[in-house]
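**Student:** no sequence for this one, just the structure:
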DNA sequence: GAAATAGTTAAGTAAATGCTTCAGTGTTAC
DNA sequence: GTAACACTGAAGCATTTACTTAACTATTTC
């Protein structure tokens, strides 16, 4: 579910926007309401809600509404999935380099 | 230089596109020419070059031209920078959860 | 129950993105 | 020297994106 390419697509797409990364950054320091997320951003609350909906659709953020306040949290599992995708490619490359080094050392 | 927010922006933006991630994936298994990168993709060579230019501008891929062939490689340092950004946020969140757990355990 | 608060939704718009085609350039093979 | 090859660049176009404003729906507060 988390490695499904469509979800991965949504996650990387979500992380591509600076405002959304700023929101993730804020949330990494603890939960926040929509207004709290919006506060440091130079855009309308409406725009923030739209970004937030993308973040939620991507699985990176989970929200729950109590009364009139929507509280947002990071979903570390999703972050880990994105992290993992990058990590695997980097390691694959680095292992290849190691094997090449071994081969050259032997000759 | 790698943690400069503008560069990070370019990297995440580059990773947001499925075709570009497929190119990175291919390159993680070893260097490739532009045509080799293009081969599995259902688009014109010209489109692939445009994607490649973005990847290069983001620092994720380095290329060098010998004769008429441009050979492309992954730049693991850049991948590591993106990885690191995500990792820091996730850890920050998880550490917070740990502290919260400790606090609740004490009471 | 009226007013303030917190968020939501829809419609519109300007700019960015991901292509395409076509007309090149430089390189290598014959 | 000419033909094939491996790209490159510009122009154009359809779609998507990141907003805006304005009208609206719940909840609290007083």
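**Tutor:** Here it is on my side, so go on. Just so it is clear, the structure is predicted and the values come from calculations on it, not from any experiment.
**Student:** hey, let's count contacts and neighbours off CA atoms from now on
**Tutor:** Fine.
**Student:** hmm, the lowest-mean-pLDDT helix or strand in chain A touching chain B?
**Tutor:** Sorting the helices and strands of chain A by mean pLDDT, DSSP states H and E puts helix A:76-106 at the bottom, at a mean of 90. Yes. Using CA under 8 Å from any CA of the partner chain, helix A:76-106 reaches chain B at A:76, A:79-80, A:82-83, A:86-87, A:89-90, A:92-94, A:96.
**Student:** near chain B, which residues of chain A show up?
**Tutor:** Residues of chain A lying near chain B by CA under 8 Å from any CA: A:9, A:12-18, A:24-25, A:27-30, A:74, A:76, A:79-80, A:82-83, A:86-87, A:89-90, A:92-94, A:96.
**Student:** for chain A, give me the ranges with low pLDDT.
**Tutor:** Scanning chain A with the threshold set as pLDDT under 70 gives A:1-2, A:102-103, A:107.
**Student:** which bits of it sit near DNA strand C?
**Tutor:** A:33-36, A:45-46, A:49-50, A:65, A:68-71 (CA under 7 Å from any atom of the strand).
**Student:** let's go with 6 Å and repeat that
**Tutor:** Residues of chain A lying close to DNA strand C (CA under 6 Å from any atom of the strand) are A:33-35, A:45-46, A:49, A:68-70.
**Student:** count the neighbours of residue A:105 for me.
**Tutor:** As a burial measure, residue A:105 scores 8 neighbours (other CA atoms under 10 Å in any protein chain shown).
**Student:** of the residues of helix A:76-106 next to chain B, which is the nearest to residue B:107?
**Tutor:** residue A:76 (26.1 Å; CA to CA).
**Student:** count the residues that sit near the closest one.
**Tutor:** Other residues within reach of residue A:76, judged by other CA under 10 Å, total 19.
**Student:** same check on the one 4 residues further on?
**Tutor:** The burial count assigned to residue A:80 is 18, neighbours taken as other CA under 10 Å.
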